[in-house]
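Asker: Here's a sequence, model it:
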Amino acid sequence: MRFVRACSSGPKDRIEQLQHVPAIRAAGVVLTSIFLSACEQNTFVPPPPPKVEVAVPVQRGITRFLEATGNTAPIKNVDLVARVQGVLQSINYQDGSFVKQGTTLFTIEPETYQLKLEQAQAAEAGAQASAKQAEADFKRQSDLVSRQVVAQSTLEQSTATRENSQANLQQAQVNTKIAAVNYGYTNVIAPFDGIVSAHLVSVGELVGVASPTQLATIVQLDPIYVNFNVNEQDVLRIRDEARRRGLTVNDLRQLPIEIGLQTETGFPHKGQIDYISPTINQSTGTLPVRGVLPNPDRILLPGFYVRVRVPIDQQDNALLVPDVSLGSDQAGRYVLVVNGDNVIEQRKVVTGPLEGELRVIESGLKPDDRVVIAGLLRVIPGQKVDPQLRKIEAPTPTK
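Answerer: Okay, here's the model as predicted:
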């Protein structure tokens, strides 16, 4: 209370007060009086506007992609089976090894079927000899009938014998071919280049008894399929874009496709679309699409989960801002911009794909807008600021 009175009293009153207190207390009172006198002379000075970093959007051409997730699948996946009955004699490959087309993988008791082939070949030779004899007899009887040496009935009998021998020859030829085919089945060969799975039977086991016995599986890895689905909205958007550019369905089937594995950066594997389903799957509302990619190093294996993107459009002079400069609320995404009076404004925007660390802005922003790129937490809409202009580095296109 004494300090408040000192502020309201004049210098004369303060001197009178000092005369009635000890020297130490008098010194404290003097200092307090000086401080309170100085308070009476202070005026409020508002703080300077906060400094914020701003930049104008980057303008550059971009490629718009359709992005999806998919799975790899083999182009060829064949079960190797025993098509003849017999004892498995040998396994001629290493489990999981790569084999070339025509490589013998299994051998199934070939001796029995070789003997059956030789038997059929012998029967064919006999039938061929009988056919030649019947043909010669037919010609001789025809000559004798023409000279009226023998009766017509003799010629008719010779003709029947010739036709019967020719039929027997044809039957013998067919039996030889069947025996040759069965003999060929004793060697199970690789129908194409691929990886062979572990064998499912052992040497000495009887196979092909009641039905074809599966021996192993061979999978082709180069090239390889990637299957993915496109949602209905993207299908409609792509069809509209194709109609605008005059593209046909065959043109869409030739679109390039890029994929990346979960552990890879970007989309290093390139191929092209080779199939588009003619109908939408009603249960999922998606359109099945398939691409084919070369896989010479067999990096891609069937069943991999992959990221897929397909370039569908080119846009010139797209606007891009740092992705960290975007905020979001219940109404959607927004950016803070500094107007001509250096006042913060909140601008609603529609965002597009991400290009490196920059986000494409579809609408809501102009090329000359100054976007707040740093210090967002220190400013609010309607606040006056001191903008510090910076330059945004142009993005490097995603590989």
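Asker: Any regions of the protein where pLDDT drops low?
Answerer: 1-42, 149-150, 394-399 (pLDDT under 70).
Asker: what about 50?
Answerer: The model of the chain has pLDDT under 50 over residues 1-12, 14-18, 20-21, 30, 35-36, 398-399.
Asker: Show me where it has its helices.
Answerer: 2-8, 11-18, 23-39, 110-146, 152-185, 232-245, 249-253 (DSSP state H).
Asker: which ones are touching the nearest residue to Y225 once chain neighbours are set aside?
Answerer: Excluding the flanking residues, the one nearest Y225 by C-beta to C-beta, 6 or more residues apart in numbering is A73, at 4.4 Å. Heads up, the C-betas are built off the backbone N, CA and C, glycines and all. Listed by C-beta atoms under 8 Å, 6 or more residues apart in numbering, the contact partners of A73 are 224-227, 302-303.
Asker: Distance to E357 added to those, as JSON lines?
Answerer: Converted to JSON lines, these look like this (distance: C-beta to C-beta, whole Å):
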{"residue": "I224", "distance to E357": "32"}
{"residue": "Y225", "distance to E357": "33"}
{"residue": "V226", "distance to E357": "28"}
{"residue": "N227", "distance to E357": "32"}
{"residue": "P302", "distance to E357": "35"}
{"residue": "G303", "distance to E357": "33"}
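Asker: Could you report the distance from the residue nearest the centre of the chain to V87?
Answerer: Centroid-nearest residue in the chain: V308, 3.2 Å away (criterion: C-alpha atoms, centre = their mean). Distance from V308 to V87, counting by C-beta to C-beta, to the nearest Å: 48 Å.
Asker: in the protein, which strand has the most residues?
Answerer: strand 58-82 (DSSP state E).
Asker: Give the pairing partners of that strand; include direction for each.
Answerer: strand 213-231 (antiparallel), strand 305-322 (antiparallel) (DSSP bridges).
Asker: is it possible to export the ones you listed to CSV including distance to K139?
Answerer: What follows is these, written out as CSV (distance: least, C-beta to C-beta, whole Å):
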stretch, distance to K139
strand 213-231, 53
strand 305-322, 74
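Asker: Out of these, which one sits most buried?
Answerer: strand 213-231 (a mean of 19; mean count of other C-beta atoms under 10 Å).
Asker: relative to helix 232-245, how tilted is that strand?
Answerer: Here strand 213-231 points in a direction 70 degrees away from that of helix 232-245 (axes from the mean of the first three to the mean of the last three C-alpha atoms, to 10 degrees).
Asker: how about strand 213-231 as PDB, C-alpha atoms only?
Answerer: Extracted in PDB, the C-alpha atoms of strand 213-231 (Å, rounded to 0.1, in the frame of the first residue of the first chain):
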ATOM      1  CA  THR A 213      -0.100 -89.500 -61.200                       C
ATOM      2  CA  GLN A 214       1.200 -86.000 -60.600                       C
ATOM      3  CA  LEU A 215       5.000 -86.100 -60.500                       C
ATOM      4  CA  ALA A 216       5.900 -82.400 -60.100                       C
ATOM      5  CA  THR A 217       5.000 -78.900 -61.300                       C
ATOM      6  CA  ILE A 218       6.900 -76.700 -63.700                       C
ATOM      7  CA  VAL A 219       6.400 -72.900 -63.700                       C
ATOM      8  CA  GLN A 220       7.400 -70.300 -66.300                       C
ATOM      9  CA  LEU A 221       8.800 -67.100 -64.800                       C
ATOM     10  CA  ASP A 222       9.800 -65.200 -67.800                       C
ATOM     11  CA  PRO A 223       7.700 -63.300 -68.800                       C
ATOM     12  CA  ILE A 224       5.300 -63.000 -65.900                       C
ATOM     13  CA  TYR A 225       1.800 -61.700 -65.400                       C
ATOM     14  CA  VAL A 226       0.600 -59.000 -62.900                       C
ATOM     15  CA  ASN A 227      -3.100 -58.900 -62.100                       C
ATOM     16  CA  PHE A 228      -4.800 -55.900 -60.600                       C
ATOM     17  CA  ASN A 229      -8.200 -54.300 -60.300                       C
ATOM     18  CA  VAL A 230      -9.400 -50.800 -61.300                       C
ATOM     19  CA  ASN A 231     -12.300 -49.300 -59.400                       C
END
